[in-house]
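In: Pasted the sequence and its predicted model underneath.
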Amino acid sequence: MGDLGFSDVGAQGLTPVAASLSSEDTDKPGYLEHRKRLRARFHETGADSLPDYELLELVLFSAIPRSDTKPIAKALIKRFGSFGEVVSAAPDELMQVKGVGEVAATALKAVQAAAQRLLQTKVIARDAISSWNDLIAYCTARMAYNAIEEFRVLYLDRKNKVIADEAQQRGTVDHTPVYPREVVKRALELNASALVMVHDKPLFLAA
């Protein structure tokens, strides 16, 4: 009789716990496992193995912690075209995409700023410009996705070290005025010995 009572009490005590664990498992959002798998794939195979929308998902994970970021990332690619164009878009344009708020837009713009800073370090922090490829990559990152035309000037000393990188003029979608007098005046102020002039549509370099 005692054995029967013990088994009854045991059943009553264990069943609710088992049911509770099962419920928690069922209620766990499916996107959490997706995030775990995507992070693992990124670490194992690198960014080159990920399409643009999945790389955007990784960026958005921290900014949007409690939602599935896949449809948001795909909507961003559909709206802007590519990863580079997404992170280069204006914050107010990014926030027009459903699910993208100020925090997410800031995270995306931080990616662009980080890329530009990295390339800038390769060009400006060195003693002298030693690689045209690095210079072109830097100028492309700074200007390729501009909504309006821009004319930039990199001022160099006599050892080809960059003294300053400045946007001399910003224009419209298809026109940028250039004032040689202002460029020369600024070069004299900086005591520059050479110039690299860059225009974003089309891109050209001159020294």
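Out: Ah, there it is. Remember, it's a predicted structure, so these values are computed and weren't measured experimentally. Numbers count the residues shown, from 1 in each chain.
In: Need the nearest residue in space to the residue nearest the centre of the chain, chain neighbours excluded.
Out: For the chain, the residue nearest the mean C-alpha position is Val111 (2.9 Å; C-alpha atoms, centre = their mean). Leaving aside its chain neighbours, Val111 sits nearest to Val87 (4.7 Å; criterion: C-beta to C-beta, 6 or more residues apart in numbering). Yep, even glycine has a C-beta here, placed from its N, CA and C like the rest.
In: on that earlier part again, please identify the helix or strand for the residue nearest to the centre of the chain.
Out: Counting by DSSP states H and E, the element that carries Val111 is helix 102-124.
In: Need the contact partners of that helix.
Out: 56, 59-60, 62-64, 72, 86-89, 91, 94-95, 100, 129, 131, 134-135, 137-138, 141-142, 162, 165 (C-beta atoms under 8 Å, 6 or more residues apart in numbering).
In: please redo it, this time with the cut-off set to 6 Å
Out: Outside of helix 102-124, the residues within contact range by C-beta atoms under 6 Å, 6 or more residues apart in numbering are 59-60, 63-64, 87-88, 91, 94-95, 134-135, 137-138, 141-142, 162.
In: How about stretch 184-195?
Out: 153, 155-158, 163-164, 207.
In: try 7 Å
Out: 153-158, 160, 163-164, 207 (C-beta atoms under 7 Å, 6 or more residues apart in numbering).
In: filter those residues to the buried ones?
Out: The neighbour-count test (16 or more other C-beta atoms under 10 Å) applied to the contacts of stretch 184-195 identifies 153-156, 163 as buried.
In: Could you chop this structure up by domain?
Out: 2-116, 146-204 (automatic domain parsing).
In: For the ones you listed, which has the smallest mean pLDDT value?
Out: Across the domains of the chain, domain 146-204 has the smallest mean pLDDT, namely a mean of 78.
In: Pull the distance from that domain to the chain's centre.
Out: 26 Å (C-alpha atoms, centre = their mean, to the nearest Å).
In: Just the contacts of helix 102-124: which are in helices?
Out: 59-60, 63, 87-88, 91, 94, 134-135, 137-138, 141-142 (DSSP state H).
In: Which members of these are classed as buried?
Out: Buried, going by 16+ other C-beta under 10 Å: 59-60, 63, 87-88, 94, 135, 137-138, 141-142, out of these.
In: rewinding a little: against Phe61, how distant is the residue nearest to the centre of the chain?
Out: Counting by C-beta to C-beta, to the nearest Å, the gap from Val111 to Phe61 is 13 Å.
In: Check Gln120 too.
Out: For Gln120 relative to Phe61 (C-beta to C-beta), the value is 27 Å.
In: Arg152 too?
Out: Counting by C-beta to C-beta - Arg152 and Phe61 are separated by 34 Å.
In: In terms of packing, which of the two has more residues around it?
Out: Arg152 (18 against 15; other C-beta atoms under 10 Å).
In: Where do the strands of the protein begin and end?
Out: 150-156, 162-170, 194-200, 203-204 (DSSP state E).
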